[in-house]
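1. when you get a sec, could you give me coordinates for this:
(2 chains)
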Protein chains: 2
Amino acid sequence: MTQSVRLSLEEADALVRKVLVACNTAPDNAASVARALVAAEADGQGGHGLSRLPSYALQSRCGKVDGHARPVLERPTPALLRVDAGHGFAFPAFDAVIDALPAMATAAGIAMASIRRSHHFGQAGAHCERLAEKGLVAFVFGNTPKAIAPWGGKAALYGTNPIAFAAPVSAGQPPLVIDLAVSRAARGKIMAAQKAGTPIPEGWALDKTGNPTTDPAAALAGTMVPIGEAKGAALALMVEVMAAAVAGACLAFEASSLLDTEGGPPDLGQTIVAIDPHLASGGVYGERMETLVAEIVAEAGARVPGTRRLESRERAAREGVFIGPALYREIASLTGNTSKT
Amino acid sequence: MTQSVRLSLEEADALVRKVLVACNTAPDNAASVARALVAAEADGQGGHGLSRLPSYALQSRCGKVDGHARPVLERPTPALLRVDAGHGFAFPAFDAVIDALPAMATAAGIAMASIRRSHHFGQAGAHCERLAEKGLVAFVFGNTPKAIAPWGGKAALYGTNPIAFAAPVSAGQPPLVIDLAVSRAARGKIMAAQKAGTPIPEGWALDKTGNPTTDPAAALAGTMVPIGEAKGAALALMVEVMAAAVAGACLAFEASSLLDTEGGPPDLGQTIVAIDPHLASGGVYGERMETLVAEIVAEAGARVPGTRRLESRERAAREGVFIGPALYREIASLTGNTSKT
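-> Coordinates of the predicted model:
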């Protein structure tokens, strides 16, 4: 098998569930993870898609991730949710938050959930998008294992720490979705270059002595360059505070890898903020957003963030997703079965 | 007079109040503005300091800013504050928010205030810092008149839209303060270059056809380059949503200038989010922050954001602030008095 394998979204979902259940994950948790990974794959975010499945499955099989964990929710105030993900996958905890938070935000005007003892949370914007589809403006801040140095330093201390944001636009229009890591490039692209034996572009990474490098191995041993120099490093720190300190989770530099079976659970944190924009704006939010989005799309060449993702999603719904042969073999080996599903 | 004028902080404060009161601002509002401008000057943020005073005073004198406005607060829920700044200066509205929000955030865990019909809000981090000194993690999002193009476009649509964030560290340590515009350079630096007749560095700005320029006039007619390319443009849009749409205020492209007396009031918006981190983290926040900050300062060359600002503040408390002769003459002319205070 040297060609990519094409799977419908239903087939991809079934495959992920089957692999995870075979690797000691409870069926409902496997369904939650499958929904998130297949959605990321469909959105063209392969780095948060099925490429994650082998490492997820192996972490569940060895117990680094507790595939049977149930998120435990605590509500210290009507506007605050504290979630213990129990060293399980992040997605069941996010599902619980996305169920509970909208009513809280609508009642209080703003509400927040923090998840601790969590894991890789995938496509950050997708969580915000689900809240925006319920009429809320939402932020997600999450930390990741260390990759970025504090400004002026040379050793990695902060994660690439995504900031995600979504906002409803108007009935019949998809929400505005922003999702960005504070590093110039995705760490996954450097890992892919290392695998392929190709150099990386200058400006992506520094080696461990703080000098620019195009060697992926030196980059992975060094640090990722933040966007906007000191500004990106400051944003990484901001996310670290929101994700780890506010949630009561591990700091990036304390967390174990999300990719292998070494060490204990990563215990990363995520914080989600949801706002009722109609209440906050005294009812003018809808008009304000329509005016803003109309002005963006009226400008030649300009686009609203996230539109490529929606195009990819539509294509995937029609054509399915394509999994490379090596990844497909790796996934299939985890079920002891190499037939298509 | 060709030399800078040195003023103690008390003298600077008295001067600002005197000028504003002479230009039709109520004494208590003038005191609020003076506190903010002098604090910015002391912090080494001259662009938000006394350089603003002449344009503030002229806008108050002509009525573009209502120097007698009183912020009106409305509390639709225990966690939500809506503030109408009444086309006055922003600082009296921020003072009201900083008075009211801490009790709300401590009770609910998270609380939010949005200010509409507002004006230039100065050093964004300073507002967050005041909330962090009360034990809260805080964000401020505010929009500014248009300067950044939507990604892919050529015409300015978003402001340079600062993101500010502060977080308490531990008793006896100053809070962590982050304050950044999403443009690579401050617009004020381009205006200063235009005044001085010097070129600007490449990479700061694009002309109105979307090409890089080092000519400050072409830059001011064009757009500012965002940090991290598409990522910075997305962050500018995120702030636009939070500041204008959520607050019910003008979008950047609708707002009049903050610098001259042309047009109606700018009606900009600001949104402030305050979080009780002790409640949210189940009591572990303090330990988490101490661990994080200790790790940053242990790294050779690394620094916690905002430390230079604190050094400047200490120096200003000892030595006062220095006002250039041209600015000093301009300020003095507004009181009809050229003696020192």
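2. helices of the stretch 1-150 of chain A, start to end?
-> A:9-22, A:27-42, A:53-62, A:90-108, A:124-132 (DSSP state H, counting those that start in this stretch).
3. between the ones you listed, which gets nearest to B:Ala30?
-> helix A:90-108 (35.9 Å; CB to CB). All C-beta atoms are positioned from the backbone trio N, CA, C, and that covers glycine.
4. so, low pLDDT: which residues of chain A?
-> Residue ranges of chain A with pLDDT under 70: A:1, A:336-341.
5. the strands in it, which residues?
-> For chain A, applying DSSP state E gives strands covering A:5-7, A:72-77, A:80-84, A:110-118, A:137-142, A:163-167, A:176-180, A:205-206, A:212-213, A:223-224, A:268-275, A:321-323.
6. related to what we said a few turns ago, just name the most buried of the helices of the stretch 1-150 of chain A.
-> Mean neighbour count (mean count of other CB atoms under 10 Å in any protein chain shown) peaks for helix A:124-132 among these, with a mean of 26.
7. that one packs against which elements?
-> Counting contacts by 3 or more CB pairs under 8 Å, 6 or more residues apart in numbering or on different chains; DSSP states H and E, helix A:124-132 packs against helix A:27-42, helix A:90-108, strand A:137-142, strand A:163-167, strand A:176-180, strand A:268-275.
8. Serialize the ones you listed to JSON lines and add fields for distance to chain B.
-> As requested, the helices and strands packed on helix A:124-132 are exported to JSON lines (distance: least, CB to the nearest CB, whole Å):
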{"stretch": "helix A:27-42", "distance to chain B": "18"}
{"stretch": "helix A:90-108", "distance to chain B": "4"}
{"stretch": "strand A:137-142", "distance to chain B": "6"}
{"stretch": "strand A:163-167", "distance to chain B": "5"}
{"stretch": "strand A:176-180", "distance to chain B": "5"}
{"stretch": "strand A:268-275", "distance to chain B": "6"}
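9. coming back round to it: among the helices of the stretch 1-150 of chain A, which is nearest B:Ile115?
-> helix A:90-108 (19.2 Å).
10. could you count how many residues lie near A:Pro226?
-> 27 (other CB atoms under 10 Å in any protein chain shown).
11. re earlier: can I get the strands of chain A in TSV including mean neighbour count?
-> Supplementary listing: the strands of chain A in TSV, determined by neighbours: other CB atoms under 10 Å in any protein chain shown:
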stretch	mean neighbour count
strand A:5-7	19
strand A:72-77	15
strand A:80-84	23
strand A:110-118	29
strand A:137-142	28
strand A:163-167	28
strand A:176-180	25
strand A:205-206	23
strand A:212-213	18
strand A:223-224	26
strand A:268-275	30
strand A:321-323	21
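12. before we move on, back to that, can I get the helices of the stretch 1-150 of chain A in TSV including distance to B:Gly210?
-> Listed next are the helices of the stretch 1-150 of chain A as TSV, based on distance: least, CB to CB, whole Å:
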stretch	distance to B:Gly210
helix A:9-22	39
helix A:27-42	33
helix A:53-62	42
helix A:90-108	39
helix A:124-132	27
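13. ok, which of those comes nearest A:Glu330?
-> Short answer: helix A:53-62, nearest of the helices of the stretch 1-150 of chain A by CB to CB, at 4.9 Å.
14. what inclination does that closest one have with respect to helix A:9-22?
-> 30 degrees (axes from the mean of the first three to the mean of the last three CA atoms, to 10 degrees).
15. ok, residues contacting helix A:53-62?
-> With CB atoms under 8 Å, 6 or more residues apart in numbering or on different chains as the test, helix A:53-62 has contacts from A:16, A:19-20, A:22-25, A:33, A:37, A:65-67, A:89, A:119-120, A:258-261, A:327, A:330-331, A:334.
16. how far does it sit from its chain's centre?
-> Mean C-alpha position of helix A:53-62 versus that of the full chain (CA atoms, centre = their mean, to the nearest Å) differs by 17 Å.
17. which ones are touching the residue nearest to A:Ala219 when sequence neighbours are not counted?
-> Among residues not flanking A:Ala219 along the chain, A:Ala205 sits closest, at 3.4 Å (CB to CB, 6 or more residues apart in numbering or on different chains). The contact partners of A:Ala205, by CB under 8 Å, 6+ apart, come to A:Ala185, A:Ile190, A:Pro212, A:Thr213, A:Ala218, A:Ala219, A:Leu220, A:Gly222, A:Thr223, A:Met224, A:Val225.
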